[in-house]
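[1] please find the sequence and the predicted model below.
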Amino acid sequence: MMDLVFCGTPQFAVPTLQRLVTAGFRVKLVATQPDRPRGRGMEVATSPVKREALRMELPIAQPETIKNNQEFRAQLEAIQPLAIIVVGYGRSTCRRSATSTCTHRCCQNIAVLRRFSGRSLPARAWLA
């Protein structure tokens, strides 16, 4: 089976992570944005992807940045993933420098899909 790294933060990334795991892919690492203060009380909140990764008992990394992050790059080199799946993490994740340790990469990022608008943004983009 394929070794993958999953990068994502928002709620809409959770179903993709769930599907990868249930399909039998080995998700060797889940990278998500660091926990940050949110809301009026500025309480530290975890991302939906982190909560799901904890529930699934998957290894988690929360780098401040991915670009030029030697520690994160070393983790990727140790894993040697076949692909890095990116769902709602950030554009810098999709750059060649950040993904040069894997054979393939898949980038599904809402920021790239701005020309499509409306309530069903991801669905309309995929159908185009």
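    Yes, it's here. Numbering: from 1, shown residues only.

[2] below-threshold pLDDT in the protein: ranges please.
    Within the chain, the segments meeting pLDDT under 70 span 90-128.

[3] that one: strands as residue ranges?
    Listed in chain order, the strands of the chain (DSSP state E) span 3-8, 26-31, 36-38, 43-45, 60-61, 83-87, 104-108.

[4] dump these to a markdown table, plus distance to Gln75 and mean neighbour count.
    Where you see a C-beta, it was placed from the backbone N, CA and C, and this is true even at glycine. Below are those laid out as a markdown table (distance: least, C-beta to C-beta, whole Å; neighbours: other C-beta atoms under 10 Å):
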| stretch | distance to Gln75 | mean neighbour count |
| --- | --- | --- |
| strand 3-8 | 9 | 25 |
| strand 26-31 | 6 | 21 |
| strand 36-38 | 21 | 10 |
| strand 43-45 | 23 | 10 |
| strand 60-61 | 6 | 16 |
| strand 83-87 | 12 | 23 |
| strand 104-108 | 16 | 16 |
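
[5] a markdown table for the ones you listed, including distance to Lys67?
    Below are those laid out as a markdown table (distance: least, C-beta to C-beta, whole Å):
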| stretch | distance to Lys67 |
| --- | --- |
| strand 3-8 | 13 |
| strand 26-31 | 13 |
| strand 36-38 | 19 |
| strand 43-45 | 24 |
| strand 60-61 | 14 |
| strand 83-87 | 13 |
| strand 104-108 | 15 |
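
[6] do you know which of these lies nearest Ala53?
    Ala53 lies closest, by C-beta to C-beta, to one member of the strands of the chain: strand 26-31, at 4.1 Å.

[7] who are the packing partners of that closest one?
    With contacts defined as 3 or more C-beta pairs under 8 Å, 6 or more residues apart in numbering; DSSP states H and E, the packing partners of strand 26-31 are strand 3-8, helix 14-22, helix 48-55, strand 60-61, helix 70-79.
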